[in-house]
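J.: have a look at this prediction, sequence included:
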Amino acid sequence: MSGWLAALRRALDTADRPVTFFFRDDDAGWADDRLWALLDRFAGVALPVDLAVIPAALAAQPARLLRRRIAASGGLVAAHQHGSTHANHEPEGRKHEFGPARTAEQQRYNLARGQRLLADKLGPAIAPIFTPPWNRCTPTTGRCVAELGFQVLSRDTTAAPLGLELGPVVELPVTVDWFARRKGVRLDRPQLGALLGEAAAGPRPVGVMLHHAITDDPEMEAIGELLELVARHPAASASPMLQAAGLPAATGGGSSGR
């Protein structure tokens with residue numbers, strides 16, 4: 001059933017230190033039925049998950065349900081800001097919501113508007129984390145993120161660090177994209193398992209990026225297999241993103257599950 005996880009299992013078996021995982025699920029506000037199914041998977045093994053929520057996309061009823069899920073989770077479900085509208089503003093080239101075509105004033109306005117929308121919909125217990133859509137932003141975005149009080153910026157591990165532009169903001173990149181591709185072709189399960197094994201053998205936390213909106217039932221089963229391994233293996237632990245970044249848990253947050 002979970003033979004595709006053999007490389008990760010070997011990496012954990014031979015680890016000389018605990019291996020920390022965190023799970024970031026992007027695009028909350030879209031395909032809510034798939035989001036509840038994913039949250040059920042995490043609840044079943046008592047592991048934490050951080051939801052990157054699109055402020056403008058989250059409707060009133062799902063917002064109420066999500067607030068209840070967060071409150072009842074004992075710190076295992078956290079939410080943070082994922083852009084503002086998840087709209088592309090670049091006239092050409094790669095998609096960005098916070099890209100080089102936008103001024104500092106435009107970016108700061110949209111970031112702040114997203115903060116207000118998310119606070120209105122989910123209340124004050126939002127993790128001070130910013131995940132830009134498509135994992136892309138500019139040094140200008142970094143300065144705006146720092147000015148607006150975010151404590152963590154999360155992108156993909158291939159993104160160039162922003163360094164001084166972020167001031168005290170910690171960068172916490174995801175290291176494994178569940179839907180990763182090479183040369184335009186989706187990785188198969190053994191290749192994904194090998195990628196997880198490589199990440200677990202490295203020095204940083206293993207950050208797994210999920211997208212519930214495009215996760216069908218077979219994918220959900222495979223995610224469940226990964227979660228079972230992380231929950232049960234003595235060398236593995238899972239943390240909310242704030243803790244993985246070395247920061248205190250959000251108010252009402254909890255420690256990692258096993």
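T.: It's in.

J.: all contacts plus neighbour counts: C-alpha atoms, from now on.
T.: Will do.

J.: so where's this protein shaky on pLDDT?
T.: Across the chain, the ranges flagged by pLDDT under 70 are 1, 250-258.

J.: helices along the stretch 51-200 of the chain, start to end?
T.: If DSSP state H, counting those that start in this stretch is used as the criterion, the helices of the stretch 51-200 of the chain fall at 60-72, 104-122, 139-147, 189-200.

J.: between helix 104-122 and the third one, find me the angle.
T.: Angular relation of helix 139-147 and helix 104-122 on a 0 to 180 degree scale: 50 degrees, by axes from the mean of the first three to the mean of the last three CA atoms, to 10 degrees.

J.: residue 80 is nearest to which of the helices of the stretch 51-200 of the chain?
T.: Between residue 80 and the helices of the stretch 51-200 of the chain, the tightest spacing by CA to CA is seen for helix 104-122, at 8.3 Å.

J.: and the closest one with helix 60-72, angle?
T.: Counting by the same axes, to 10 degrees, helix 104-122 lies at 70 degrees to helix 60-72.

J.: tell me which other helices or strands helix 104-122 touches.
T.: Applying 3 or more CA pairs under 8 Å, 6 or more residues apart in numbering; DSSP states H and E, one finds that helix 104-122 makes contact with helix 60-72, strand 77-81, helix 139-147.

J.: try it again at 7 Å.
T.: Judged by 3 or more CA pairs under 7 Å, 6 or more residues apart in numbering; DSSP states H and E, helix 104-122 is in contact with helix 60-72, helix 139-147.

J.: most packed of the ones you listed?
T.: Ranked by mean neighbour count, those are led by helix 139-147 with a mean of 20 (mean count of other CA atoms under 10 Å).

J.: show residues contacting that one.
T.: 98, 104, 107-108, 162, 165-167, 169 (CA atoms under 7 Å, 6 or more residues apart in numbering).

J.: got a winner among those for most neighbours?
T.: Tallying neighbours with other CA atoms under 10 Å puts residue 98 at the head of these, with 32 neighbours.

J.: ok, now which ones touch residue 242?
T.: For residue 242, the contact set (CA under 7 Å, 6+ apart) comprises 248-249.

J.: name the element it belongs to?
T.: Using DSSP states H and E, residue 242 falls within helix 241-244.

J.: count of neighbours near the residue nearest to residue 235 when sequence neighbours are not counted?
T.: With CA to CA, 6 or more residues apart in numbering as the measure, residue 18 is the residue that lies nearest to residue 235, at 4.9 Å, once sequence neighbours are left out. Residues near residue 18, counting by other CA under 10 Å, number 13.

J.: hmm, residue 18 is touching residue 236, no?
T.: Yes. The pair residue 18 / residue 236 is scored as a contact, 5.9 Å apart, by CA atoms under 7 Å.

J.: returning to that earlier point: tabulate the helices and strands packed on helix 104-122 (a markdown table), appending distance to residue 127.
T.: Formatted as a markdown table, these follow (distance: least, CA to CA, whole Å):
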| stretch | distance to residue 127 |
| --- | --- |
| helix 60-72 | 11 |
| helix 139-147 | 13 |
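
J.: among the ones you listed, which is nearest residue 112?
T.: helix 139-147 (9.2 Å).
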